[in-house]
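Participant: Dropping the sequence and predicted coords here.
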Amino acid sequence: MEQYLKDIIFYRPLTAWLAGRGWQAWQPLLDFAYMILSAVIVLAFILLTALFLIWLERKVCGRIQRRLGPMLTGPRFLGRLCIWTGGLLQTTADTLKLLLKEDIIPTKADRRVFIIAPVVVFTACMMAFVVLPFGPGLIVKDLNIGVLYLMAVGTFSVIAIVMGGYASNNKYSLLGAMRSAAQIISYEVPLFFAFLGPVLAAGTLSMTGIVEAQIGLGWFLIPQFIGFLVYLIASTAEINRPPFDIPEAEQELVQGFNTEYSGMKFAMFFLAEFTNMFVAASIAVTLFMGGWTLPFGLDEKIVSFLNFPYAPQALGIVVFLLKVYLLILLFMWIRWTFPRLRPDQLMSFSWKVLLPFAFLNILIACSQVLWRLPAV
Amino acid sequence: MRTEEYTLNMGPQHPSTHGVLKLVLTLDGEVVREAVPHIGFLHRALEKIAENRTYLQFIPITDRFEYLSSMSNNLAYCLAVEKLAQIPVPPRAEYIRVLMAELNRLASHLMWFSSMLLDLGATTPFIYAFRERERIMDIFEMTCGARLTYNYIRFGGVSQDLPPGFLEKMRLFLSAMKKGLPEYHALVTENPIFLARTRGIGILNPDLAVACGVSGPSLRGSGIAFDIRKAEPYSVYPELSFNIPTGTDGDVHDRYLVRMKEMEESVKIIEQALDKVPEGRYRTTLPQRIKPPKGEVFSRIEAPRGDTGVFIVSDGSEKPWRLKFRAPSFSNLSVLPHLVRGGRISDIMACIGSLDIILPEVDR
């Protein structure tokens, strides 16, 4: 994405022009403009995705639970298509409501921390987008330590949850925050070990590198299926989705860490939650399901068939999003099926079941490296 | 490291304390050291109101004791007054009453199923159970015009005869219910997370259950096969064959299974009763004002939540001198502190859900 974005703001001609005039000192201004542009694009994408995901969640839940609202509210003039467009206006109405709602800060809350927490949680999920490869070259910044960066950023949101829970000065919030901290300690470990499998097999920490390795080696999903499952379970816990939504366990802790939040501050938590789901699914797609690529050289055939300038990129985005939404639907299906685990059961499950399986996956990845299973 | 226990006021405004139960919890982190239920937020002095109304005028008030099975409350009250005033009931009315009581038991258990699973964090069973419950509500609406507070069972019979088309609607409902029950089992009963959340949680010792006056499915979950429909049969229950499911361990899962099996038994009872409903009168003709003779009476029935007893003292006038409802939820709630002590916060929800309390009945 770097080069395309830089083309948009005439980065290279402008750099040459600055150099020609001997004004290299103004170069950082151009870099800054580029940063702002990518941030705006990421933000717009996040907002649209979150809105879409909320609508999708309603639809999926409506289908699973035969709720009539999400199937029928919405633009009625579309007749039978209403089944597909139904509930569209609901998200809009929700957004408007959250924007207009009074923003209450409890009197005894720790004001500064209370205000910062939603910002932190949103920043954390925005930062993850930096290294998500949407297509060939479509990555904000292909860091050579991409996976490591994701691990670091992923842990960030729990800090915000603990901040919010502590600052609310509410026992339910505090309990939710504590649960979240306990959960992250037990879930990060198998999650990171699941990350390690593809990293070992691909021999690189760069997200693009991992995707490209899968063109040669085939999807890591096939040899490392255990790792994929461990990742799916652990990431469900990481993004606080049922059945692991114990930090906000509605029936137990009212709303957990965000009990006291309202208006846009709540919306930030809410948006971050849905965006995190997208991020978790994208990571799974990148690490295990071949990212933007299609197996059997299908993408090359399609690209030569399409035969227009940015065809590989366009195809990449479509394939990537399709895979991501497949996983998101799985997350939603799980959410609307299972009851919630108890915190202590969750932790014992993580340490006693997931972690050994994650180790097993490392073993498989090592053997893959050792014997170069699916030949290069 | 120094740690401290702390107090958490759970309720009366809380998503899963089933209305307005307040629990004052002493917590050590997530572990519950002590739980004290505070009740009375819904006290409406219903028993006192009875003293100022005629016997007939009190029937609609009985709907408000336990709004999820109003038919049972109607029945309990009417049986007591009939026993006191020795009012005969025609056989058709008896069968209609049993039909309605069992339908209401189904509706109530479906509501319990959905709310208990909701307490455990599963939202989908809620909607599934409401699909069948909706059919029952429709049947009630068609029979007596109301969906929740029926005011249907009267002294010496029922307020009106079964409506035309009732049988067809019942057959449809029964086939839907028979299809629905396996679905609930498939969705919930064998689910490993559900088992982890309910097995060995909130174990109710049979001795404690008896000592605290626990009744209904909560008692039978602990392995005591006491059901008033069998122990002190009333109405036409002796003519119908059904089993009393019991549990073995007395944990949340056993109480769950007992209620699930009870639904199957209720379906069986309804099927038999439907075949046996005789022709004839649906109500005995009674004078406008009932004046039972001086004396007192106690009668009880098996309501969905347990043993609903009605005690009436009559001074020979047209109003009861004193009326007392024995509400099963009240006694069942009294074991809650014992069930949750030593458990986790999440277990409280499982326990409340499995006891199936209903606050308007506790507070009266």
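Facilitator: All right, it came through fine. Numbering: from 1, shown residues only, chains lettered A, B, ... in the order given.
Participant: Quick check: residues of the stretch 201-350 of chain A near chain B?
Facilitator: A:242-243, A:245-246, A:249-254, A:336-345 (Cβ under 8 Å from any Cβ of the partner chain). C-beta: built from backbone N, CA, C; applies to glycine.
Participant: Check those residues for burial and list the buried ones.
Facilitator: Among those, those classed as buried by neighbour count (16 or more other Cβ atoms under 10 Å in any protein chain shown) are A:242-243, A:245-246, A:249-254, A:336-343, A:345.
Participant: Tell me, please, the helix or strand in chain A that averages the lowest pLDDT.
Facilitator: Every helix and strand in chain A was compared by mean pLDDT, DSSP states H and E; the lowest is helix A:82-85, with a mean of 64.
Participant: tell me what the next helix or strand after it is packed against?
Facilitator: Using DSSP states H and E, the helix or strand that follows helix A:82-85 in sequence is helix A:88-100. Contacting helix A:88-100 under the criterion 3 or more Cβ pairs under 8 Å, 6 or more residues apart in numbering or on different chains; DSSP states H and E are the following elements: helix A:27-65, helix A:263-288.
Participant: which helices and strands does the shortest one pack with?
Facilitator: Yep, that's helix A:263-288 we're talking about. On a contact count with 3+ Cβ pairs under 8 Å, 6+ apart, helix A:263-288 meets helix A:27-65, helix A:88-100, helix A:111-128, helix A:146-167, helix A:171-202, helix A:207-217, helix A:225-238, helix A:311-335.
Participant: Get me the contact residues on the stretch 151-300 of chain B for chain A.
Facilitator: Counting by Cβ under 8 Å from any Cβ, the stretch 151-300 of chain B sits next to chain A at B:187, B:188, B:191, B:193, B:194, B:196, B:197.
Participant: Now compare those residues and name the two farthest from each other.
Facilitator: Spatial extent of those (Cβ to Cβ) is set by the pair B:187 and B:196 at 15.9 Å.
Participant: quick one: average pLDDT of stretch A:114-126?
Facilitator: Stretch A:114-126 shows a mean pLDDT of 86.
Participant: Pick out the residue in the stretch 201-350 of chain A sitting closest to chain B.
Facilitator: residue A:340 (2.8 Å; Cβ to the nearest Cβ).
Participant: hang on, that residue in a helix?
Facilitator: No: counting by DSSP: H, G, I helix; E, B strand; the rest coil, residue A:340 is located in no helix; its state is coil.
Participant: Of all the residues in the stretch 51-200 of chain A, which one is nearest chain B?
Facilitator: Of all residues in the stretch 51-200 of chain A, residue A:65 sits closest to chain B, at 4.0 Å by Cβ to the nearest Cβ.
Participant: what residues are up against the nearest residue to residue A:163 once chain neighbours are set aside?
Facilitator: In this structure, residue A:163 finds its nearest non-sequential neighbour in residue A:117, 4.1 Å apart by Cβ to Cβ, 6 or more residues apart in numbering or on different chains. Residues near residue A:117 by Cβ atoms under 8 Å, 6 or more residues apart in numbering or on different chains: A:160, A:161, A:163, A:164, A:167, A:265.
Participant: which of the residues in stretch B:276-285 are buried?
Facilitator: Buried residues in stretch B:276-285, counted by 16+ other Cβ under 10 Å: B:277, B:282, B:283.
Participant: go on, stretch B:322-340?
Facilitator: With burial defined by 16+ other Cβ under 10 Å, the residues of stretch B:322-340 counted as buried are B:323, B:325-340.
Participant: Next one: the residue lying closest to residue A:95 once chain neighbours are set aside from residue A:91, what distance?
Facilitator: Take residue A:95 and drop its neighbours on the chain: the residue closest to it by Cβ to Cβ, 6+ apart is residue A:51, 7.0 Å away. Separation of residue A:51 from residue A:91 (Cβ to Cβ, to the nearest Å) stands at 5 Å.
Participant: before we move on, back to that, tally up the residues packed near the residue of the stretch 51-200 of chain A closest to chain B, please.
Facilitator: Neighbour count for residue A:65, taken as other Cβ atoms under 10 Å in any protein chain shown: 17.
Participant: Next up, the contacts around it.
Facilitator: A:336, B:123, B:124, B:126, B:127, B:128.
Participant: Make JSON lines out of those residues and add secondary structure and distance to residue A:280.
Facilitator: Formatted as JSON lines, the contacts of residue A:65 follow (DSSP: H, G, I helix; E, B strand; the rest coil; distance: Cβ to Cβ, whole Å):
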{"residue": "A:336", "secondary structure": "coil", "distance to residue A:280": "17"}
{"residue": "B:123", "secondary structure": "coil", "distance to residue A:280": "21"}
{"residue": "B:124", "secondary structure": "helix", "distance to residue A:280": "22"}
{"residue": "B:126", "secondary structure": "helix", "distance to residue A:280": "27"}
{"residue": "B:127", "secondary structure": "helix", "distance to residue A:280": "27"}
{"residue": "B:128", "secondary structure": "helix", "distance to residue A:280": "28"}
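Participant: okay, the residues you listed in JSON lines with pLDDT and distance to residue A:134 next?
Facilitator: Output for those, formatted as JSON lines (pLDDT from 0 to 100; distance: Cβ to Cβ, whole Å):
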{"residue": "A:336", "pLDDT": "85", "distance to residue A:134": "28"}
{"residue": "B:123", "pLDDT": "83", "distance to residue A:134": "33"}
{"residue": "B:124", "pLDDT": "86", "distance to residue A:134": "33"}
{"residue": "B:126", "pLDDT": "86", "distance to residue A:134": "38"}
{"residue": "B:127", "pLDDT": "85", "distance to residue A:134": "36"}
{"residue": "B:128", "pLDDT": "87", "distance to residue A:134": "39"}
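Participant: Name the nearest of the residues you listed relative to residue B:346.
Facilitator: residue B:123 (16.0 Å).
Participant: quick one, strands of the stretch 51-200 of chain B?
Facilitator: In the stretch 51-200 of chain B, the segments counted as strands under DSSP state E, counting those that start in this stretch are B:153-154, B:157-158.
Participant: what packs against the first one?
Facilitator: If you count contacts as 3+ Cβ pairs under 8 Å, 6+ apart, strand B:153-154 packs onto helix B:70-85.
Participant: Any idea how far the helix it packs on is from the middle of the chain?
Facilitator: Centre-to-centre, helix B:70-85 and its host chain are 15 Å apart (Cα atoms, centre = their mean, to the nearest Å).
Participant: what pLDDT, on average, does that helix get?
Facilitator: 89.
Participant: tell me, how many neighbours does the residue of the stretch 201-350 of chain B found nearest chain A end up with?
Facilitator: Per Cβ to the nearest Cβ, the residue of the stretch 201-350 of chain B with the smallest distance to chain A is residue B:346, at 4.4 Å. Applying other Cβ under 10 Å, we find 26 residues neighbouring residue B:346.
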